[in-house]
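*Asks:* quick check, what structure comes out for this input:
(one chain, ligands or ions: 1)
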Amino acid sequence: MINIALMCCVYNAWSLSSKSESPMALPLTYLSHYPQHLQDQVAQLVDANKLGEWLRARYPQVHNINNDKTLRDYAMTIKNQYMKKTPPLSKVIYDSKIHIVNHALGLHSYVSRVQGGKLKSKNELRVSELFKNTPQAFLTMIVVHELAHLKEKDHNKAFYQLCRHMLPDYHQIEFDVRVYLTELENTGYVFVPPTA
Ligand SMILES: [Zn+2]
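*Replies:* Below you'll find the predicted structure:
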């Protein structure tokens, strides 16, 4: 008997752009929950073709935590520092599909199965491949978000407190991540040019 519980997240709720009525309308779908004046600022940068430049100036460096082993080490370091008492993580990996299939940037899955009369459970943490070759703060934000779910299942006040405890700029960085995704969707690359 197997029981799998999947926990989301980070942008499950962000509807991916439904086809826009007007082809010229800028689909700021990743930012639709932010105040209009912030959306306007981003839209102006998109119009002026300057959003990528803005992001690269703000985050001049990318991390090199680009494989599953270094990702696991990185997540474990944060977990051991802030969330030591939470259940162990059996797997930490980059995932190339969750962005498309689950509309998620990170995923925390909790798998429990009955094996030989005993209940065994496993926690897994997946990070979208979109976070390879990005500023380290972006990767940290996703990892922190999913780690916080080990303790708080919902996106409630306690959850975000925990996120800010691990990453004080959590909210600002989440905004910047959404700006990054906007630019990525519009132009195909932001920090590292695609390899041929
Ligand atoms: Zn979440």
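*Asks:* any idea which element the closest residue to residue 152 other than its chain neighbours lies in?
*Replies:* Spatially, and ignoring its direct neighbours in sequence, residue 152 is nearest to residue 159 (3.9 Å; CB to CB, 6 or more residues apart in numbering). (Glycine included, C-beta is placed from N, CA and C.) Following DSSP states H and E, one finds residue 159 within helix 157-166.
*Asks:* which other helices and strands does that helix contact?
*Replies:* Secondary-structure packing of helix 157-166 (3 or more CB pairs under 8 Å, 6 or more residues apart in numbering; DSSP states H and E): helix 68-82, helix 136-148, helix 170-187.
*Asks:* what residues sit buried inside it?
*Replies:* 159-160, 162-163, 166 (16 or more other CB atoms under 10 Å).
*Asks:* so it versus helix 68-82, what angle?
*Replies:* Orientation of helix 157-166 against helix 68-82 (axes from the mean of the first three to the mean of the last three CA atoms, to 10 degrees) gives an angle of 100 degrees.
*Asks:* let's verify residue 112: helix, strand, or coil?
*Replies:* Here residue 112 is recorded as strand under DSSP: H, G, I helix; E, B strand; the rest coil.
*Asks:* per-residue pLDDT of it, please?
*Replies:* Looking at residue 112, its pLDDT is 76.
*Asks:* so it touches residue 120, yeah?
*Replies:* Yes - if you go by CB atoms under 8 Å, residue 112 and residue 120 touch, sitting 6.8 Å apart.
*Asks:* just want to know which of those two has more residues nearby.
*Replies:* Each of residue 112 and residue 120 has its neighbours counted (other CB atoms under 10 Å); residue 112 has more, 15 against 11.
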